[in-house]
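Peer 1: Got a predicted structure here, sequence first:
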Amino acid sequence: MADRTLLDERAVDRALRRLALQILEGTPDPGRLALVGVRTRGVPLARRLAQTIAAQEGVTVPVGELDIALYRDDVLTAHPEVRPTVLPFEVEGRHIVLVDDVLFTGRTTRAALDALMAWGRPQVVRLAVLVDRGHRELPLHADFVGLTVETSLAESVAVRLAETDGADLVVLRGAA
Amino acid sequence: MARRHLLDLQSLTGAEIERLLDLAESFEDISLRAVKKVPALRGRTICLLFLEASTRTRASFELAAKRLSADTLSVSGSASSVEKGETLLDTARNLAAYRPDVIVLRHKASGAPHLLAAHVDASIVNAGDGAHEHPTQGLLDLLTIRRHCRRIAGLKVAIIGDIAHSRVARSDIAGLSRLGAEVVVCGPPTMLPTGIETLGCTATSSREEAVADADVVMMLRIQKERAAEELFPSDREYAAAYGLDPQVLRAAKPDCLVMHPGPVNRGVELHPDVADGPRSVILEQVSTGLAVRMAALYHCAGGELPA
Amino acid sequence: MTDALILRGGRLVCPTTGRDAPGTLVLRAGHIEAVLPADAPAPEGRSLDATGAVVAPGFIDLHCDLAWPGHLHREGLDSGTAAAVRGGFTTVCPSPATDPALDTPEAVAGLVAQAAARRRCRVRPVAALTAGLAGKRLTEMFGLAAAGAVAVGDGGRPVADAGLLRRALEYARAAGLPVWMFPEDADLRGRGVMHEGPVATRLGLAGVPAAAEHLAVARALVLAELTGARVHVGPISTAGAVARLAEARARGVDVTAAATVAHLHLTDAAVAERYATDLRVCPPLRPQADVDALRAGVAAGVVQAVASGHVPRSPAEKAEAFAEAAPGMVALETTLGLLLELVAQGVLDLPTAIARLTVGPAQALGLTPGALAPGAPADVVVFDPASRVRVAGLQTRGRNTPFLGRALPGLVRYTLVEGRVVFDAEEGPC
């Protein structure tokens, strides 16, 4: 089965603008807002959201990079690559929006929440994702979603971004 | 089952060493967190088998294991059966019955970790074996240098002291030369072993020659019991001929780093003004050591090697 | 009249008589009765098939440790003599470094009697040169000789006091015993556990400089000249030792020397692979240049004897880090094979190789060498020189050899002592 394009470059851009707006509307005190990208592709997404918010609303929102490798529940078998976490702000009392590319089983988000909490006690944590493809295995949901798409377990959602992959494109891949 | 070990730096490639340094760098932020602990090695058992006196290295490994949420089992020389005539392998196999994932071994005999790696089903991390190697010390020295100098290739690093009996020197020479540094080892001929150049360094008995234009000067601890073996006549003579004082350090590059694996004999190999001076990164070496040991444990404990 | 035993079909190689031709041996009453051409009709009697095999005088081992008395966890007289005859040795001269040391006539007589009861090879011990091998007091050498010792020696623990050593050499000369000296200067050795050089430096192991042996050989030569004693040094391992011995020989100083097969085959570089404790031996394995010089010395006869250097160790003694593992390698059953490897490599020819196991050792002992000649004692070995067999099924109790599993030539078919078959490849030791 051929790949199906879910979002092209313009659609990605539109989805991010919409997300930025939703995030601002959902945050009562933008001065305490911080965006934290989950490695790998959550990081450039968080940066773009911060740029959009700065451009549209004139609010500078700090951006952090969260590495969740050591918190993954499959760390012992997958032995993932570990990279630094960079949070250039106090986590304590913040309104934090975790940013990731795809929400699927929820396990990554669970690990991200644990990783984040190790840095301090935020006031609120929300979750923003570019694509929600369903099939949750944990009781979690996204607060801000760019695109919700129905998928089968055999399919996969591939997110490519200019920063990491050369161009913006989100495709649904069929079973091999 | 193929296990990952960290036995020495001599057998690693430059790329493998760089990967371990990058990994260690990623562990540094754990000590900055409100909760200084990650669940990475939850449910794993790490045995600290220290059959030679050690306070610092052992403390560092123990904290590293705890910060990774591993369970630790600590066996020291005085508490072990080694003194009752049991062989090293007997001791290790008894510990292996608890199915540890990693055994961290400190032993007075060179090659002891290799023996365990060949005969015991656990990953072995060498925490110092005789005069052979101390790979985590080597890695932490490399990481400290890389952080300050932003590179290792092309640097001139002088290592001064009892090279013959130093495992730190061998790990440093191996690591630094793999990563492209120019290494000069220095000491009286009684402390320079035959053929040390084959490890990737030059050797000299002139302190001035070693220090000239150095980017890093690494001073080794002088073990006073070596005086009894007539490797050097007295502390004061050693300090005068091979110690590092502000005057001698002037010949090095202006921003030269001063390092020492600790504990320092102030007034013997290091003048107090240098040991506690602005170029000294000795305490930073200690904190870097923690990240390096977390990286070493994570590297060895995590999963099987691909077949 | 006792029955004859006929060894037929073999190639008779006798360094003593210079014979190297097919032939038949007739043995009777513990002696060689006749040596017949291959095509001559043999007399009636039980016969052993030596077709395709080499028939040679039995081998003599100058350097071995049977660990008896005192170390049954390493070896015993049963296992040790079984290993010897499987290796083609008809005479072994075990080291006095036992527990207690072989330093009294009673201890020597005890060992000789116990060994004789096994009825395998001849066991002719090297007794201790000083009481307890402590280098302080001379032993009763006339009594030791009468009890069956064929030499006195330092048992691997060189006598530090040159004055005492001088008197020991003088006294041994009077008692008619040659003196075995392990050539290693203990102070230069220090805590060394392997050859001092780049490999030891890389491994962080304390080195034994080649100079430790060089100096000790020089000292032995000087003292041999001074005292006129018969001196034997070994095992030697360095080019320096070979050079000094060659010089001394040229001057007419008759000091004999032995090398072990391990030192003729292995280098210090092998230790680097995994700190293999089976490679920890005394003297230590040396670099290739020394191995080459030693091979040349053996080929040229500067080194008259090749010894097994057999030192059995229990697994526990080897299950330690290199510096803490006990030194030694079992070798009685691999000596012939490893020496024949050198023949295959062209280092020396077959008769010379056999001479290093027969005439050379006899010369060091001051004994009449064995021969394939009428009237000689019927100590004979029959081995296959070409076909290779994996080293396995060792008779020795020790497993401390890096050659286990290696395919070596020189499978011994029969070993005979005083005309009795003491080893048969089909049936094992008697």
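Peer 2: Structure received. Source: prediction; values computed, not measured.
Peer 1: Any stretches of chain A with poor pLDDT?
Peer 2: For chain A, applying pLDDT under 70 flags the ranges A:1, A:175-176.
Peer 1: which element is the spatially most central residue of chain A on?
Peer 2: Centroid-nearest residue in chain A: residue A:100, 1.4 Å away (criterion: Cα atoms, centre = their mean). Per DSSP states H and E: residue A:100 is located in strand A:95-103.
Peer 1: Show me the strands in the stretch 151-300 of chain C, by range?
Peer 2: C:151-153, C:179-181, C:194-195, C:207-208, C:231-233, C:256-260 (DSSP state E, counting those that start in this stretch).
Peer 1: CSV for those, including mean pLDDT, distance to chain B and mean neighbour count?
Peer 2: (Each C-beta comes from the backbone N, C-alpha and C, glycine too.) Below are those laid out as CSV (pLDDT from 0 to 100; distance: least, Cβ to the nearest Cβ, whole Å; neighbours: other Cβ atoms under 10 Å in any protein chain shown):
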stretch, mean pLDDT, distance to chain B, mean neighbour count
strand C:151-153, 98, 30, 28
strand C:179-181, 98, 26, 28
strand C:194-195, 98, 10, 26
strand C:207-208, 97, 7, 26
strand C:231-233, 98, 24, 26
strand C:256-260, 98, 23, 28
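Peer 1: out of those, which comes closest to chain A?
Peer 2: strand C:194-195 (37.3 Å; Cβ to the nearest Cβ).
Peer 1: helices and strands around the closest one, which ones?
Peer 2: Judged by 3 or more Cβ pairs under 8 Å, 6 or more residues apart in numbering or on different chains; DSSP states H and E, strand C:194-195 is in contact with strand C:207-208.
Peer 1: Can you give me every residue that contacts the closest residue to residue B:52 other than its chain neighbours?
Peer 2: Spatial nearest neighbour of residue B:52, excluding adjacent residues (Cβ to Cβ, 6 or more residues apart in numbering or on different chains): residue B:108 at 4.4 Å. The neighbourhood of residue B:108, defined by Cβ atoms under 8 Å, 6 or more residues apart in numbering or on different chains, consists of B:51-52, B:129-130.
Peer 1: Which of those sits closest to chain C?
Peer 2: residue B:130 (5.2 Å).
Peer 1: how about residue C:237, what does it touch?
Peer 2: C:213, C:259, C:263, C:283-286, C:290, C:294.
Peer 1: Out of the contacts of residue B:108, who's the most crowded?
Peer 2: residue B:129 (29 neighbours; other Cβ atoms under 10 Å in any protein chain shown).
Peer 1: Quick check: that one vs residue C:321, distance?
Peer 2: Counting by Cβ to Cβ, to the nearest Å, the separation of residue B:129 from residue C:321 is 8 Å.
Peer 1: quick one: stretch B:87-101 near chain C?
Peer 2: Yes. Applying Cβ under 8 Å from any Cβ of the partner chain, one finds stretch B:87-101 touching chain C at B:87-90.
Peer 1: Tell me the most packed of those residues, by neighbour count.
Peer 2: residue B:88 (24 neighbours).
Peer 1: Could you count how many residues lie near the nearest residue to it once chain neighbours are set aside?
Peer 2: Leaving aside its sequence neighbours, residue B:88 sits nearest to residue C:320 (Cβ to Cβ, 6+ apart; 5.6 Å). Look at residue C:320: counted by other Cβ under 10 Å, it has 19 neighbours.
Peer 1: Now name the helix or strand holding residue C:320.
Peer 2: Secondary structure (DSSP H and E) places residue C:320 outside all helices and strands.
Peer 1: Could you check the pLDDT of it?
Peer 2: On pLDDT, residue C:320 comes in at 90.
Peer 1: and if you look at residue C:370?
Peer 2: pLDDT at residue C:370 comes out at 94.
Peer 1: you'd agree residue C:136 is up against residue C:165?
Peer 2: No. Here residue C:136 does not reach residue C:165: they are 11.5 Å apart, not a contact under Cβ atoms under 8 Å.
Peer 1: Which one of these two is surrounded by more residues?
Peer 2: Comparing residue C:136 with residue C:165 by other Cβ under 10 Å, the one with more neighbours is residue C:165, at 23 against 12.
Peer 1: With adjacent residues omitted, what lies nearest to that one?
Peer 2: residue C:159 (4.4 Å).
Peer 1: Return the residues in contact with the one you found.
Peer 2: C:129-130, C:135, C:165, C:168.
Peer 1: cool, and residue B:206?
Peer 2: Counting by Cβ under 8 Å, 6+ apart, residue B:206 makes contact with residue B:186.
Peer 1: Same check on residue A:73?
Peer 2: Here residue A:73 is in contact with A:107, A:110-111 (Cβ under 8 Å, 6+ apart).
Peer 1: same deal with residue A:125?
Peer 2: Residue A:125 sits in contact with A:96-98, A:113, A:116, where contact means Cβ under 8 Å, 6+ apart.
Peer 1: same thing with residue C:270?
Peer 2: Counted by Cβ under 8 Å, 6+ apart, residue C:270 has contacts C:276, C:279, C:285, C:402.
Peer 1: Look at the residue of chain A found nearest chain C and say how many residues are nearby.
Peer 2: Using Cβ to the nearest Cβ, the closest approach of chain A to chain C is made by residue A:79 at 26.0 Å. When neighbours are counted by other Cβ under 10 Å, residue A:79 registers 20.
Peer 1: wouldn't it be in contact with residue B:302 here?
Peer 2: Yes. Counting by Cβ under 8 Å, residue A:79 does reach residue B:302; the two are 3.9 Å apart.
Peer 1: any idea how far chain A is from the spatially most central residue of chain B?
Peer 2: By Cα atoms, centre = their mean, chain B has its centre lying nearest to residue B:137, at 2.0 Å. Counting by Cβ to the nearest Cβ, to the nearest Å, the separation of residue B:137 from chain A is 21 Å.
Peer 1: Just the pLDDT at that residue, thanks.
Peer 2: So, for residue B:137, pLDDT stands at 98.
Peer 1: May I see the buried residues of the helix or strand hosting it?
Peer 2: Counting by DSSP H and E, the element that carries residue B:137 is helix B:135-149. Of the residues in helix B:135-149, B:135-146, B:149 count as buried by neighbour count, 16 or more other Cβ atoms under 10 Å in any protein chain shown.
Peer 1: could those go into TSV alongside distance to residue B:286?
Peer 2: Output for the buried residues of helix B:135-149, formatted as TSV (distance: Cβ to Cβ, whole Å):
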residue	distance to residue B:286
B:135	17
B:136	12
B:137	11
B:138	15
B:139	14
B:140	8
B:141	12
B:142	15
B:143	12
B:144	10
B:145	15
B:146	17
B:149	19
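Peer 1: tell me the contacts of residue B:41?
Peer 2: Contacts of residue B:41 (Cβ under 8 Å, 6+ apart): A:76, B:65, B:68-70, B:101, B:297-298, B:301-302.
Peer 1: Could you export the residues you listed as JSON lines, including neighbour count, distance to residue C:201 and secondary structure?
Peer 2: What follows is the contacts of residue B:41, written out as JSON lines (neighbours: other Cβ atoms under 10 Å in any protein chain shown; distance: Cβ to Cβ, whole Å; DSSP: H, G, I helix; E, B strand; the rest coil):
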{"residue": "A:76", "neighbour count": "16", "distance to residue C:201": "39", "secondary structure": "helix"}
{"residue": "B:65", "neighbour count": "26", "distance to residue C:201": "33", "secondary structure": "helix"}
{"residue": "B:68", "neighbour count": "26", "distance to residue C:201": "35", "secondary structure": "coil"}
{"residue": "B:69", "neighbour count": "15", "distance to residue C:201": "40", "secondary structure": "coil"}
{"residue": "B:70", "neighbour count": "22", "distance to residue C:201": "35", "secondary structure": "coil"}
{"residue": "B:101", "neighbour count": "21", "distance to residue C:201": "33", "secondary structure": "coil"}
{"residue": "B:297", "neighbour count": "28", "distance to residue C:201": "29", "secondary structure": "helix"}
{"residue": "B:298", "neighbour count": "26", "distance to residue C:201": "32", "secondary structure": "helix"}
{"residue": "B:301", "neighbour count": "26", "distance to residue C:201": "32", "secondary structure": "helix"}
{"residue": "B:302", "neighbour count": "24", "distance to residue C:201": "34", "secondary structure": "coil"}
